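S.K.: Could you work out the structure for the sequence below:
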Amino acid sequence: MNLSKTYLLAYNALGAILWLRILLTLLLHLVPLISPSASPSPVPSILTSIYTTLEPQTRWAQTLAVADILHAAAGITRAPVFTTFTQVFARSVQVWAINYGFPDVTASSPAYVCMLLAWSAADSVREWWLMYKATTTTESVTVSGIFYFCLGLYVPGSVMMYSYMIKQRKKVLA
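M.R.: Modelled structure (predicted):
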């Protein structure tokens with residue numbers, strides 16, 4: 001495997017892990033709203049808690065995507081530069097100029113939760129699915145082995161991250 005493929009594998013794995021963490025944290029915060037056994041929590045405080053917890057993580061996970069523009073421009077990926085720029089720029093404006101710049105508007109809005117759910121689900125799941133699909137087409141045993149290793153980390157890693165988030169949630173609610 002050449003250096004650029006190794007780099008892209010690491011870069012995409014990092015992005016998937018960051019967005020998966022955001023997704024799991026978001027879902028953990030939403031449990032009180034959907035669980036019949038959970039004590040009722042006021043929606044505004046849950047929204048504010050989601051914003052306070054996830055805004056910095058989301059901002060920096062999205063900022064990492066600026067590298068996608070550089071990848072396209074350098075020819076490391078086959079993505080069209082303008083399309084990549086447009087998507088990354090729009091999301092960057094959202095996280096920096098709106099979410100970060102206007103916390104009073106963003107923190108209390110269910111739209112913020114919907115945005116995080118859509119972005120984190122898409123950005124964490126698609127990398128794993130594409131990685132799995134790549135294992136079925138590569139002829140390289142090394143590449144396939146690395147992909148399967150990363151995919152294998154997904155399940156125990158998710159359990160570990162979920163357990164950690166439950167502990168963090170208990171600290172916040174205590």
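S.K.: pLDDT averaged over stretch 100-116 - what is it?
M.R.: Stretch 100-116 shows a mean pLDDT of 93.
S.K.: quick one: low-confidence ranges for this structure?
M.R.: 1, 35-41, 126, 130, 154-174 (pLDDT under 70).
S.K.: ok, residues contacting stretch 60-67?
M.R.: Stretch 60-67 is contacted from outside by 11, 14-15, 18-19, 22, 88, 91-92, 94-96, 119, 123, using C-beta atoms under 8 Å, 6 or more residues apart in numbering. Bear in mind the C-beta positions are built from the backbone N, C-alpha and C, glycine included.
S.K.: do you know how far the residue positioned nearest the centre of the chain is from T25?
M.R.: Residue closest to the average C-alpha location in the chain (C-alpha atoms, centre = their mean): W19, at 1.1 Å. The gap separating W19 from T25 is 11 Å, by C-beta to C-beta, to the nearest Å.
S.K.: Now the helix or strand hosting T83: buried residues?
M.R.: Assessed by DSSP states H and E, T83 sits inside helix 81-92. Within helix 81-92, the residues that count as buried by 16 or more other C-beta atoms under 10 Å are 81, 84-85, 88, 91-92.
S.K.: So which of these is the closest to L54?
M.R.: Closest approach to L54 among the buried residues of helix 81-92 (C-beta to C-beta): R91, at 14.5 Å.
S.K.: show me what contacts that closest one?
M.R.: Contacts were defined as C-beta under 8 Å, 6+ apart; by that measure R91 touches 62, 65, 119.
S.K.: Which of those residues ranks first by neighbour count?
M.R.: Q62 (22 neighbours; other C-beta atoms under 10 Å).
S.K.: That one and L24, how far apart?
M.R.: Counting by C-beta to C-beta, the gap from Q62 to L24 is 17 Å.
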